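Engineer: this one's sequence-less:
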């Protein structure tokens, strides 16, 4: 220890000269122990401080993903403990011939499109409305966030009453418009109706959240840009598409990626929409069974963990792919050059 | 320098105190863990629906101050699947797990994961039980008994007297029973009812399918575990499909919230009633008290459901758990459960007990439910329910629901093909 102690104290030319000079001015020379501490503080403490996230991520994020990959390559059935050998790519091969998986995949994409597209468009419109001068501005801004605060289980249970066949408010409202007066829509029986019902729940929850993100980004657009546009005769709609959207493009990409991830992992809403949620079937013909739901069913009801793990990995890859494509498209749409 | 030293000293001191506190806490909890000798014990019991245990729990806790009972009710399929998961995982199972006959073969096959109740002296109860009920949880070699039977699901038909009267049908239970000696006649009565009242007759096609299947000698699986769709299931499916085709069904998925509100609103007039269904009707639609009555089911007897109490080996309070289970199957408690929720005991001697024989249920227009259900239980030919009975039943029920509401609507031929396909898938998955 004593041999290295003096070394840091010798002023090095060119490096940190200002600091060294000021240290020289002090009445006493700081002890070497303290200097070491200081150096440690400057060099390593930042790593220490960010370490908890990476440690937690490694334990609760990375490890499960990797382990999941291992499980996906094995036979692993909970109701048959003898089946524990390596399966190789057997589970993945099975995926390609599994009607249930493709049914779930198409449901997931259907609901995803029905929810994400209107959701983000409406959020844009809501945000641009909130960006104007309004009375009780804060009230409205907090108001659009309220659905986001509501627990998704609670809101889904309410919505599944709303979309009840015989007694639901949705059918009642439609009957006022003269739709389905004699034969009310059985929201759970067909693909299209159940998709709409579930997409409605998702939209209701996330429009306000995305709107606030957009609003935050819009606040940073200088007013004079709009004034100049108005002078040139651009209406509000044109201003929204020609000025606002291109200028908040990074946030749009962010929301698109986020809702892609969320939309493709959709679970709670379809799960609780079922007449008997514990089955995880997504309707009696799997009309609205999403991939996440199918993974739950295969893993925890059929107790085939190996196959469920393979499905999870497939979903992970699909999400990566779709998120990349979406980000790319959004980038182009907004006039990006990257 | 000084300042900084005190600062570090302070930090170290705070850290040390924190460590001591953590150590102290863990020391405490470690000390209170072992509670074998008369210490407080919490028994967790998992079941579905209503087992009539709310009051019995208090009674037992009062008599045994060291025991707390924790009742955990859940969804029928979910509770069984959860138990299966916990058995495999090796921990987390409740001290006492209720198992329905529909899942019992699956668990009997894993008898090594349950406490062998014969070791605890349960053998003395063998003579008291309906022989088939005793055998359902007994391993084929007869060496291990994994459960003690609680109730059996002898079948009857519950109906709404007020709705029958409004449709001009007889309301007295003997006359009603005489209306439908067979399922064909039942469908005809239903057509009369819907024609006159404009309302639906039954709740769901699946609630015709299940009782008819319960009346067949062979269910989904024979005793060699082979799927036999062309026997009992075909018969039951045809009857159910015909009721749906005759437009008698309100198409409410059984045990869904809408089904439950159907009881309250009178969306259907009859409902296949195993003994345990009485409790469900009473709990779901207390306002319909006195409007129900119980008649015979078309096609004679039959069984649908009936449960057992098992003790998973992984539990920490196995002895206390057995003491509670043993107490629960005593005649006194069994009779109380029957009176409370209608679950008929599986000990035939009790059927002669005046407390059951003379019991009339005011909720069901004072029907002599004790006699009605004991008679069906005594005359029962039990059915073998295979290992995959639970999932297979769900798969076929779903096809029936689709026939009623979805893309199979009005296509009974296609529906049967689909049912066979789905059942085979469920048998394998």
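Structural biologist: The structure has been received and is ready for your questions. Computed from a predicted model, the values in this text were never measured in an experiment.

Engineer: Any regions of the chain where pLDDT drops low?
Structural biologist: By default, I'm working from chain A. A:1-30, A:81, A:333-338 (pLDDT under 70).

Engineer: Chain B is the one I meant
Structural biologist: In chain B (pLDDT under 70), the answer is B:1-38.

Engineer: Spell out which residues of the stretch 201-350 of chain B are next to chain A.
Structural biologist: Proximity of the stretch 201-350 of chain B to chain A, by Cβ under 8 Å from any Cβ of the partner chain, involves residues B:251, B:253, B:255-259, B:261, B:267. C-betas here are computed from N, CA, C, even on glycine.

Engineer: 7 Å instead, please
Structural biologist: B:253, B:255-256, B:258, B:261 (Cβ under 7 Å from any Cβ of the partner chain).

Engineer: Narrow those to those in strands?
Structural biologist: Assignment to strands by DSSP state E places none of these there.

Engineer: Turn the residues you listed into CSV, including distance to residue B:114 and neighbour count.
Structural biologist: CSV is the format used below for these (distance: Cβ to Cβ, whole Å; neighbours: other Cβ atoms under 10 Å in any protein chain shown):
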residue, distance to residue B:114, neighbour count
B:253, 32, 21
B:255, 27, 19
B:256, 32, 18
B:258, 37, 21
B:261, 38, 17
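
Engineer: Adding distance to residue A:267, write those residues out as a markdown table.
Structural biologist: Converted to a markdown table, those look like this (distance: Cβ to Cβ, whole Å):
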| residue | distance to residue A:267 |
| --- | --- |
| B:253 | 21 |
| B:255 | 22 |
| B:256 | 20 |
| B:258 | 22 |
| B:261 | 26 |
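
Engineer: what's the closest of the residues you listed to residue B:283?
Structural biologist: Of all those, residue B:283 sits closest to residue B:255, with 12.4 Å by Cβ to Cβ.

Engineer: what's the closest residue in space to the closest one that isn't next to it in sequence sitting at in phi/psi?
Structural biologist: Counting by Cβ to Cβ, 6 or more residues apart in numbering or on different chains, residue B:255 lies nearest to residue A:276, which is 6.1 Å off, once chain neighbours are set aside. Here is the backbone geometry of residue A:276 (degrees, to the nearest 10): phi -130, psi 90.

Engineer: Which positions in chain A make contact with chain B?
Structural biologist: Contact residues, chain A versus chain B (Cβ under 7 Å from any Cβ): A:31, A:34, A:78-79, A:81, A:164-167, A:186, A:189-190, A:275-276, A:278-279, A:281, A:284-285, A:300-303.

Engineer: Take the residues you listed and keep only those in helices.
Structural biologist: Using DSSP state H, the members of these that fall in helices are residue A:34.

Engineer: Which of the residues of chain A next to chain B are buried? Put it as a ChimeraX command.
Structural biologist: Buried members of these, defined by 16 or more other Cβ atoms under 10 Å in any protein chain shown, are picked up in ChimeraX with:
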select /A:78,79,164,165,167,186,189,190,275,276,278,279,281,284,285,300,301,302,303
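
Engineer: In terms of helices and strands, where is residue 324?
Structural biologist: No chain specified, so I'll use chain A. helix A:305-333 (DSSP states H and E).

Engineer: meant chain B, my bad for not saying
Structural biologist: Per DSSP H and E: helix B:318-328 holds residue B:324.

Engineer: any idea which helix or strand comes after that helix?
Structural biologist: helix B:331-341.

Engineer: Need the residues that contact that next one.
Structural biologist: B:50, B:52, B:56, B:278-279, B:327, B:343-345, B:347, B:350, B:353, B:355-356, B:359 (Cβ atoms under 7 Å, 6 or more residues apart in numbering or on different chains).

Engineer: Which of the residues you listed are buried, as a ChimeraX select command?
Structural biologist: Per 16+ other Cβ under 10 Å, the buried members of those correspond to this ChimeraX selection:
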select /B:50,52,56,278,279,343,344,345,347,350,353,356,359
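
Engineer: that older thread, need the contact list for the residue nearest to residue B:255.
Structural biologist: B:75, B:253, B:255-256.

Engineer: and the two most separated of those?
Structural biologist: B:75 and B:253 (12.7 Å).

Engineer: quick one: which of the residues of the stretch 201-350 of chain B next to chain A sit in helices?
Structural biologist: B:258, B:261.

Engineer: what's the closest of the residues of the stretch 201-350 of chain B next to chain A to residue B:366?
Structural biologist: residue B:261 (26.4 Å).

Engineer: Find the nearest non-adjacent residue to that closest one, please.
Structural biologist: residue A:167 (6.6 Å).

Engineer: Quick one: end-to-end length of stretch B:306-318, please.
Structural biologist: Its first and final residues considered, stretch B:306-318 spans 23 Å by Cα to Cα, to the nearest Å.
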